[in-house]
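*Asks:* Kindly generate the corresponding structure for this input.
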Amino acid sequence: MDQTFNLVLLGPPGVGKTHLAIGLGLEAIDQGKQVAFVSMGELITLLKTEEYVRKSAIRLRRIRQADLVVIDDMMFMAMETREANLFFQLVSDLYEKSSIILTSNKGPDSWGKMLGDQGIATAILDQLLHRCEVIHMNGESHRMKHRESVFT
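*Replies:* Below is the predicted model of the structure:
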């Protein structure tokens, strides 16, 4: 974080991306850093309502001031152009000021389609991946591995 490196955790559901991101966030808190955790769905809602809802503006101010921002389930759902532009602006605000950890089940090669605009996707990736480690987490879903059934 002192070098504002980013981390992208990629892999299918259930392999531990969110678990690892939370653990890294807790370690950062233990080191005295300000950490913000937000799901992509919540983040889009906050960005869209920032101008109208005081609570959204306050939450986004805290996110922009954090040393580490964890964004969970990046590209879980397709975005409209306005949403993609708002997300790009946030990434620009955080660029070289905060470290970002993203979790996603889709690789950066498919982000253009999900963002609805290849140009915006390229601009976001340019800033996110400038100083970044990408970790591919593969394997079985921990949830399915330890799944229990009500019926025997």
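
*Asks:* residues of stretch 89-109 that come out buried?
*Replies:* Buried residues in stretch 89-109, counted by 16 or more other CB atoms under 10 Å: 90-91, 94-95, 98-105, 108. Glycine gets a C-beta too; all of them are placed from N, C-alpha and C.

*Asks:* Kindly report the same for stretch 20-29.
*Replies:* 20, 21, 22, 24, 25, 28.

*Asks:* Name the helix or strand for the last one, please.
*Replies:* Secondary-structure assignment from DSSP states H and E places residue 28 in helix 17-30.

*Asks:* Show me what that helix is in contact with.
*Replies:* The contact list for helix 17-30 (CB atoms under 8 Å, 6 or more residues apart in numbering) reads 1, 7, 9-11, 35, 37, 67-68, 70, 72-73, 101, 103-105, 137.

*Asks:* Mind checking which of the residues you listed are in strands?
*Replies:* In this view, these that belong to strands under DSSP state E are 7, 9, 10, 35, 37, 68, 70, 72, 73, 101, 103, 104.

*Asks:* how many other residues sit next to the third one?
*Replies:* Read that as residue 10. 20 (other CB atoms under 10 Å).

*Asks:* Ok, the fifth one next?
*Replies:* A count of nearby residues for residue 37, using other CB under 10 Å, gives 18.

*Asks:* Test my guess that it contacts residue 70.
*Replies:* Yes - if you go by CB atoms under 8 Å, residue 37 and residue 70 touch, sitting 4.5 Å apart.

*Asks:* Would you confirm that residue 140 contacts residue 11?
*Replies:* No - using CB under 8 Å, residue 140 is not in contact with residue 11, being 10.9 Å away.
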